[in-house]
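Engineer: sequence and predicted structure are below.
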Amino acid sequence: MSRLITKEGLKKLKDELEERRTKVRQEIAQAIKEAKEQGDLSENAEYSEAKRQQNENETRIAELEMIIKDSQVVERNDKSKGIQMGSKVKVKFNGSEMEFQIVGSNEADPGNFKISNESPMGKAFMDKERGDKIEVETPGGRVKYSILDVK
């Protein structure tokens, strides 16, 4: 199954993978080496912690490799006026304005206003244009949005 992702999102994943393969692996290997030099490994908390970090890092590396392999980069069509993956959308709701970006599910970060294209809100905005008004069902009830701008 192909996962949709923006070019920026794929770069971020590849950067994390490279850092984990090089810098993080080296740091963990150094911590394991230092812990081994302390002697008895059966009661060595530093060694146990370093091995736990090593396992966690290798698991994340495998996960990143799989995500990258299964990802399909979605290019923005700048000729389209409609909202698409990668679009930045300025909206008005409940008297206030906010701007967010539509991204793939692996990139979603609501705290930084990055909304998944698979979320109810993301789905509702896809293909809509500046000036459109939509309603989205949220856990707190239906919310009406007016689309002010699409970049």
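Structural biologist: On my side now, so go ahead. As the structure is a computational prediction, the values presented were derived from the model and not from experiment.
Engineer: gap between the residue nearest the centre of the chain and residue 7?
Structural biologist: Centroid check for the chain by Cα atoms, centre = their mean gives residue 107 as the closest residue, at 2.1 Å. Between residue 107 and residue 7 the distance is 11 Å, computed by Cβ to Cβ, to the nearest Å. To be clear about C-beta, it is placed using only N, CA and C from the backbone, and glycine gets the same treatment.
Engineer: and the least confident helix or strand in the chain by mean pLDDT, what does it pack against?
Structural biologist: Lowest on mean pLDDT, DSSP states H and E among the helices and strands of the chain sits strand 3-5, with a mean of 86. Counting by 3 or more Cβ pairs under 8 Å, 6 or more residues apart in numbering; DSSP states H and E, the packing neighbours recorded for strand 3-5 are strand 71-73.
Engineer: just how off-centre is the strand it packs on within its chain?
Structural biologist: In this view, strand 71-73 has its centroid 13 Å away from the chain centroid, taken as Cα atoms, centre = their mean, to the nearest Å.
Engineer: immediately after it, which helix or strand?
Structural biologist: Heading C-terminal from strand 71-73, the first helix or strand you meet, by DSSP states H and E, is strand 88-93.
Engineer: show me the contact partners of that next one.
Structural biologist: Where contact means Cβ atoms under 8 Å, 6 or more residues apart in numbering, the residues beyond strand 88-93 that reach it are 83, 97-102, 125, 143-151.
Engineer: could you report the neighbour count for residue 80?
Structural biologist: In terms of burial, residue 80 registers 12 neighbours under the definition other Cβ atoms under 10 Å.
Engineer: so it versus residue 129, what's the distance?
Structural biologist: Taking Cβ to Cβ as the criterion, residue 80 is separated from residue 129 by 9 Å.
Engineer: and residue 54, that one's in a helix?
Structural biologist: Yes: Residue 54 sits within a helix when classified using DSSP: H, G, I helix; E, B strand; the rest coil.
Engineer: got the contact list for the closest residue to it other than its chain neighbours?
Structural biologist: The shortest distance from residue 54 to any residue that is not its chain neighbour, by Cβ to Cβ, 6 or more residues apart in numbering, is 4.8 Å, and that residue is residue 28. Under the criterion of Cβ under 8 Å, 6+ apart, the neighbours of residue 28 are 50, 53, 54, 57.
Engineer: walk me through the domains of this protein.
Structural biologist: Per the record, the chain has its domains at 3-73, 88-150, by automatic domain parsing.
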